[in-house]
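Q: when you get a sec, could you give me coordinates for this:
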Amino acid sequence: MALLDSITTPADLRALNRAQLDALAEEIRAFLVQSVSRTGGHLGPNLGVVELTIALHRVFDSPKDPIIFDTGHQSYVHKLLTGRRDGFENLRQKGGLSGYPARSESDHDWVENSHASTSLSWAEGMAKAFRLRGEDRVVVAVIGDGALTGGMAWEALNNIAAQDDLPLVVVVNDNGRSYTPTVGGVANHLSALRTSRGYEQALGLIKRNVSRTPLVGKPTYDMLHGIKTGIKDILAPQSMFSDLGLKYVGPIDGHDEADLELVLQRARTFGGPVIIHCITRKGNGFRAAEENEEDRFHAVGKIDAETGAPLAVSSQATWTDAFAEEMVRIGHEREDVVALTAAMLNPTGLARFAAAYPDRTFDVGIAEQHAVTSAAGMAMAGLHPVFAVYATFLNRAFDQVLLDVALHRLGVTFVLDRAGITGTDGASHNGMWDMSLVGIVPGLRLAAPRDQQRLAEALRTAIDVDDAPTVVRYSKEKLPDPIPAIASRDGIDELLRAGEPEVLVVGIGQFVGLAVEVGQRLAEQGIGVRVVDPVWALPTNPALTALASRHRLVVSVEDNVVVGGIGDHLAQALRHAGHDVPVMDFGIPDEFLPHAARGELLADLGLTAQQISRAVIERHVRLGEPTIQQDTAHLPLG
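A: Next up is the predicted model:
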């Protein structure tokens with residue numbers, strides 16, 4: 001019987017001897033490689049925390065002692081040790097295990113955190129509450145070196161340091177990487193720690209030698225010990241943590257379970273906040289991951305469990321590919337264009353721009369708020385910054401977009417990758433709020449291009465704007481085939497017209513193709529229809545409002561929440577203009593979506609051509625026959 005088969009709760013770990021623990025670690029790695037290679041998921045981060053997670057569960061009493069994983073994608077080992085092995089065949093699939101901690105799965109999952117740099121704030125608040133309630137509990141926060149580049153983590157550390165009786169252990173999982181090698185001052189600091197001999201070793205040498213000196217030896221040592229903070233600053237970079245008032249231990253080999261266990265046990269009984277610095281290797285134990293220097297298999301699709309090669313290779317370009325190519329061309333033409341990323345140089349496609357223009361590319365780490373205001377500063381000084389970021393992560397920097405960029409009327413372009421429903425990573429990774437959020441920013445313009453040509457055009461238009469923020473958003477899906485316009489006027493592209501149009505269908509971004517298909521289905525039922533793409537969706541084009549007013553029914557189709565979405569904006573514009581035209585807005589409901597494949601979620605939400613067209617036809621029937629002849633002579637299009 002495999003050891004892993006015998007682990008159903010963390011308590012089962014405590015009966016294992018040292019040899020069994022080593023064997024268990026190897027079994028877990030083999031299981032993860034075999035399982036994740038079939039489902040896809042975050043393989044590299046989990047291979048790096050096997051021994052650390054075993055040690056945590058042997059020392060701490062989960063779920064009584066909460067273990068909070070920052071970002072959460074490295075929680076697979078935690079799931080295995082808390083009785084969820086049988087669910088891994090459906091990892092990240094509809095109805096299966098989440099790729100992140102999930103309270104619905106286990107009492108051992110306290111926080112469904114899947115955005116970085118939040119664990120320390122969670123843990124500080126929980127530890128503070130347990131202390132006030134008189135409960136004997138210790139909270140553990142596991143945070144990566146990449147997440148420590150986020151300002152929120154340092155806000156939390158500042159508050160943790162002010163509470164010397166807080167029952168909190170902070171484990172820094174330092175693998176030198178987020179997606180790619182971690183950048184910035186914190187990264188440099190941790191790198192120095194990895195190579196430092198340590199100030200305690202130096203002080204020991206001083207004590208042994210100076211103390212032997214007759215007469216003056218002991219007083220001299222006492223003096224030196226009294227100023228050890230100064231010695232520490234010279235000999236040990238870990239003084240950054242201890243100067244905050246935090247007990248620091250490390251660096252520790254994050255793959256030596258025995259040493260980890262010993263240090264964690266001491267930290268648990270310390271009686272105050274402790275930082276334990278662990279050095280781990282992302283992808284440890286899987287040769288293909290260890291040799292992949294780009295991201296060490298941070299996240300994979302279905303792969304060969306032996307070689308790590310992807311099982312399905314598509315030659316079809318993605319939106320990210322198209323953006324990457326166009327940015328390089330723009331960079332050649334415009335020396336004032338610079339690029340920013342928040343630790344996602346490769347995932348957002350900016351690696352190509354960085355290779356061509358390294359001096360004009362800035363990776364700020366997982367620090368979206370800083371990225372936006374830094375971009376504002378660059379724009380203020382005469383550059384045009386392009387900040388490429390996942391749509392869901394721009395949520396974190398809304399205040400900076402509003403008050404630092406828009407209020408100052410600065411030309412910063414935000415390129416939002418992974419907009420709309422992304423699916424398998426769950427609720428927090430769906431880019432479904434961005435249009436609603438930025439839609440209330442004065443002066444901001446937003447384009448959701450429908451194909452590669454429109455993406456290139458939108459990007460070039462955006463960087464020509466120097467007095468307001470611009471947003472270009474697109475999906476993680478493959479690029480669709482070109483969708484040509486049959487007519488264009490006043491900034492609106494007409495894509496389909498059938499009969500005498502009574503229904504106007506407005507498609508946005510990735511859903512333009514869906515809108516065209518809906519229009520075709522309506523036409524097949526004898527309903528006069530026109531399908532348009534507003535090209536620049538925000539602010540609402542007055543010409544679109546005028547066009548909509550000359551139809552009996554308006555339908556919007558968008559990959560964003562319907563509350564505050566493009567359909568909502570258009571309905572409001574019609575009301576303000578005094579037009580009583582019903583608007584059916586099809587989009588994502590205002591709720592958190594479970595993890596599942598994108599197609600499955602769209603079907604469940606009624607966002608397919610068949611479901612939308614059926615609903616529109618039923619509404620059109622209820623409207624009855626038109627009472628007056630539509631005036632089509634002065635339509636903006638046609």
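Q: chain center to stretch 606-614: distance?
A: The chain centre lies 30 Å from the centre of stretch 606-614; the measure is C-alpha atoms, centre = their mean, to the nearest Å.
Q: contacts made by it with the rest, please.
A: Stretch 606-614 is contacted by residues 511, 514, 517-518, 521-522, 525, 555, 557, 586-588, 602-603, 615 when judged by C-beta atoms under 8 Å, 6 or more residues apart in numbering. Glycine gets a C-beta too; all of them are placed from N, C-alpha and C.
Q: of those, select the buried ones using a PyMOL command.
A: Of the contacts of stretch 606-614, the buried ones can be selected in PyMOL as follows, counting by 16 or more other C-beta atoms under 10 Å:
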select buried, resi 511+514+517+518+521+522+555+557+586+587+588+602
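Q: greatest separation within the contacts of stretch 606-614: which pair is it?
A: By the measure C-beta to C-beta, Q525 and I588 form the most distant pair in the contacts of stretch 606-614, at 26.1 Å.
Q: one step back: from the contacts of stretch 606-614, which single one is nearest L459?
A: F511 (19.8 Å).
Q: can you count the residues close to D363?
A: Other residues lying near D363 total 22 when counted by other C-beta atoms under 10 Å.
Q: where's it relative to G99, distance?
A: Per C-beta to C-beta, to the nearest Å, D363 is found 25 Å from G99.
Q: can you check W154 too?
A: With the distance defined as C-beta to C-beta, W154 ends up 27 Å from G99.
Q: now L394
A: For L394, the distance to G99 equals 21 Å [C-beta to C-beta].
Q: hmm, who's touching the longest helix that the chain contains?
A: Criterion DSSP state H: the longest helix present in the chain is helix 18-39. The contact list for helix 18-39 (C-beta under 8 Å, 6+ apart) reads 2-4, 7, 13, 16, 42-43, 46-47, 50-51, 54, 76-77, 80, 85, 88-93, 257-258, 284-286, 300, 302-305.
Q: can you give me the buried ones in it?
A: Buried residues in helix 18-39 (16+ other C-beta under 10 Å): 21, 24-25, 27-29, 31-33, 35-37, 39.
Q: export it to PDB, keeping only CA atoms.
A: Only the C-alpha atoms of helix 18-39 are listed here, as PDB (Å, rounded to 0.1, in the frame of the first residue of the first chain):
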ATOM      1  CA  ARG A  18      11.800  10.000   8.800                       C
ATOM      2  CA  ALA A  19      12.300   7.400   6.100                       C
ATOM      3  CA  GLN A  20       8.500   7.200   5.500                       C
ATOM      4  CA  LEU A  21       8.300  11.000   5.300                       C
ATOM      5  CA  ASP A  22      11.000  11.000   2.600                       C
ATOM      6  CA  ALA A  23       9.200   8.300   0.700                       C
ATOM      7  CA  LEU A  24       5.900  10.200   1.000                       C
ATOM      8  CA  ALA A  25       7.400  13.300  -0.500                       C
ATOM      9  CA  GLU A  26       8.500  11.300  -3.500                       C
ATOM     10  CA  GLU A  27       5.100   9.700  -3.900                       C
ATOM     11  CA  ILE A  28       3.400  13.100  -3.800                       C
ATOM     12  CA  ARG A  29       5.700  14.400  -6.500                       C
ATOM     13  CA  ALA A  30       5.000  11.400  -8.700                       C
ATOM     14  CA  PHE A  31       1.300  11.700  -8.100                       C
ATOM     15  CA  LEU A  32       1.300  15.400  -8.900                       C
ATOM     16  CA  VAL A  33       3.200  14.900 -12.200                       C
ATOM     17  CA  GLN A  34       0.900  12.100 -13.300                       C
ATOM     18  CA  SER A  35      -2.300  13.800 -12.200                       C
ATOM     19  CA  VAL A  36      -1.700  17.400 -13.300                       C
ATOM     20  CA  SER A  37      -0.300  16.200 -16.600                       C
ATOM     21  CA  ARG A  38      -3.800  14.900 -17.400                       C
ATOM     22  CA  THR A  39      -5.800  17.800 -16.200                       C
END
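Q: after the lengthiest strand in the chain, next one along is what?
A: Ordering each strand of the chain by length in residues (DSSP state E) puts strand 553-561 first. Per DSSP states H and E, the first helix or strand lying C-terminal to strand 553-561 is helix 566-576.
Q: that next one packs against which elements?
A: For helix 566-576, the elements it packs on are strand 503-507, strand 536-538, helix 542-549, strand 553-561, strand 583-588, judged by 3 or more C-beta pairs under 8 Å, 6 or more residues apart in numbering; DSSP states H and E.
Q: I'd like the mean pLDDT over that helix, please.
A: The average pLDDT for helix 566-576 rounds to 97.
Q: tell me what angle it forms with strand 553-561.
A: Following axes from the mean of the first three to the mean of the last three C-alpha atoms, to 10 degrees, one obtains 140 degrees for the angle between helix 566-576 and strand 553-561.
Q: the longest strand of the chain pairs with which strands, parallel or anti?
A: strand 503-507 (parallel), strand 583-588 (parallel) (DSSP bridges).
Q: dump the first one to CSV, keeping only the CA atoms.
A: Presented in CSV, the C-alpha positions along strand 503-507 are these (Å, rounded to 0.1, in the frame of the first residue of the first chain):
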residue,chain,number,x,y,z
VAL,A,503,-33.8,44.5,-34.1
LEU,A,504,-30.3,46.0,-33.5
VAL,A,505,-27.7,43.6,-32.1
VAL,A,506,-24.6,45.2,-30.6
GLY,A,507,-21.7,42.8,-30.2
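Q: off-centre distance for that strand?
A: 32 Å.
Q: after it comes which helix or strand?
A: helix 512-524.
Q: helices or strands next to that following helix in the packing?
A: strand 492-498, strand 503-507, strand 529-533, strand 553-561, helix 609-623.
Q: swap in 6 Å and give it another go.
A: strand 492-498, strand 503-507, strand 529-533, helix 609-623 (3 or more C-beta pairs under 6 Å, 6 or more residues apart in numbering; DSSP states H and E).
Q: count the neighbours of A351 for me.
A: Number of residues near A351 (other C-beta under 10 Å) recorded here: 17.
Q: that one and L345 touch, don't they?
A: Yes: here A351 lies in contact with L345, judged by C-beta atoms under 6 Å, at a distance of 4.9 Å.
Q: which residues touch stretch 445-456?
A: 322, 326, 458, 470-473, 479-480, 482-483, 508-509, 512, 533, 536-538 (C-beta atoms under 6 Å, 6 or more residues apart in numbering).
Q: if any of those residues are buried, put those into a ChimeraX selection.
A: Buried subset of these, written as a ChimeraX selection, criterion 16+ other C-beta under 10 Å:
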select :322,326,458,470,471,472,473,479,483,508,509,512,533,536,537,538
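Q: need the contact list for the residue lying closest to L496 once chain neighbours are set aside.
A: The spatial neighbour of L496 that comes closest, neighbours along the chain excluded (C-beta to C-beta, 6 or more residues apart in numbering), is V531 at 4.1 Å. By C-beta under 6 Å, 6+ apart, the residues touching V531 are 495-496, 505, 515-516, 519.
Q: and Y248, which of the three is it?
A: Classification of Y248 using DSSP: H, G, I helix; E, B strand; the rest coil returns strand.
Q: that one and V274 touch, don't they?
A: No: using C-beta under 6 Å, Y248 makes no contact with V274, being 7.8 Å away.
Q: residue boundaries of the helices in the stretch 301-450 of the chain?
A: Assignment of helices within the stretch 301-450 of the chain using DSSP state H, counting those that start in this stretch yields the ranges 319-333, 351-356, 368-380, 391-394, 398-399, 434-438.
Q: now for the buried residues of helix 18-39: which two are most distant?
A: Greatest spacing in those, by C-beta to C-beta: L21 and T39 (26.6 Å).
Q: could you find the closest non-adjacent residue to A543?
A: Closest residue to A543 apart from its sequence neighbours, by C-beta to C-beta, 6+ apart: D490 at 3.6 Å.
Q: rounded mean pLDDT for the longest helix of the chain, please.
A: For helix 18-39, mean pLDDT is 88.
Q: and what of stretch 437-455?
A: For stretch 437-455, mean pLDDT is 97.
Q: quick revisit: using CSV, please lay out the strands paired with strand 553-561 together with mean pLDDT and distance to E135.
A: Output for the strands paired with strand 553-561, formatted as CSV (pLDDT from 0 to 100; distance: least, C-beta to C-beta, whole Å):
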stretch, mean pLDDT, distance to E135
strand 503-507, 98, 54
strand 583-588, 96, 40
